[in-house]
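Q: Give me the fold of what follows.
(2 chains)
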Amino acid sequence: MGTFVGAPAPEFRAEAYDNGIIREIGLRDYKGKWVVLFFYPADFTCV
Amino acid sequence: MLAVSVDSVELHRKWEESELAKMIPGGIRFPMLSDSRGEMGRDYGVYNPHAGTDRRGRFIIDPEGVVQTIEITCDVLGRNIAEILRQLRALQHHRETGELMPCGWEPGKPTLPEESEAPRIFGKVWKTWKLRNAF
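A: Residues are numbered from 1 along each chain as shown, chains lettered A, B, ... in the order given. This is a model prediction of the structure:
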């Protein structure tokens, strides 16, 4: 695994669909806040 | 809360509008990121090259940007939201009080002494913390 508990979370910068608008988001935008970052395989699936 | 898959922002919009908004009152109110080249998945160790998708990995990151907990499940098994909230509350309680958070902790249940005090109860935890607290 590339990420380990106790280590800094890898920085990222990605396009996002956020409440009707498209904007860029990076981890550093959330400095000072708790973040729950969750990945999932695909849109329009059922699990 | 930040959601990520390799799908495009256009597909995220279509899915949110046509299905998620019907399933969830008010729809999805947090960002849905597009990891189109799998870069984020690779950096976080969840990219699945056989399927070209990101695995169902979940990371709780503290306000200083340090990863605190990780859970990754196989594609057939969904997450337990209650457990994510439990972990978040436990981490925040620890941050506020310094207390250690035992197995199965939920608000209202007993905690363990903060780190510098904890050695005093090593070998004697059984006297105060009961197994039923874990469930």
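Q: make it CA atoms for all contacts and neighbour counts henceforth
A: Fine.
Q: pretty sure residue B:71 belongs to a strand, no?
A: Yes: counting by DSSP: H, G, I helix; E, B strand; the rest coil, residue B:71 is part of a strand.
Q: OK, contacts around it?
A: B:57-59 (CA atoms under 8 Å, 6 or more residues apart in numbering or on different chains).
Q: let's go with 6 Å and repeat that
A: B:57-58 (CA atoms under 6 Å, 6 or more residues apart in numbering or on different chains).
Q: Can you name the residues bridging to it?
A: Each beta-bridge partner of residue B:71 is listed here, defined by DSSP bridges: residue B:58.
Q: Next one: it relative to residue B:116, how far apart?
A: 29 Å (CA to CA, to the nearest Å).
Q: cool, and residue B:60?
A: For residue B:60, the distance to residue B:116 - CA to CA - is 25 Å.
Q: quick one, which of the two is more surrounded?
A: residue B:60 (24 against 9; other CA atoms under 10 Å in any protein chain shown).
Q: Find the nearest non-adjacent residue to that one, please.
A: Nearest-residue entry for residue B:60: residue A:36, 4.7 Å, with adjacent residues in sequence omitted and distances by CA to CA, 6 or more residues apart in numbering or on different chains.
Q: mind checking which helix or strand the one you found is in?
A: Assigned by DSSP states H and E, residue A:36 belongs to strand A:35-39.
Q: number of nearby residues for residue A:23?
A: 13.
Q: phi, psi of it?
A: phi -150, psi 160 (degrees, to the nearest 10).
Q: what residues are up against it?
A: Residue A:23 neighbours (CA under 6 Å, 6+ apart): A:15-16.
Q: Which residue ranges of chain B form strands?
A: With strands called from DSSP state E, chain B shows them at B:2-5, B:32-34, B:47-48, B:53-54, B:56-61, B:67-73.
Q: Just name the most buried of those strands.
A: For these, the largest average neighbour count (mean count of other CA atoms under 10 Å in any protein chain shown) is found in strand B:32-34, namely a mean of 28.
Q: Looking at it now, give me its mean pLDDT.
A: For strand B:32-34, mean pLDDT rounds to 98.
Q: Apart from its neighbours in sequence, what residue is nearest residue B:7?
A: Counting by CA to CA, 6+ apart, the residue nearest residue B:7 is residue B:34, at 5.6 Å.
Q: Fine by me, we can end here.
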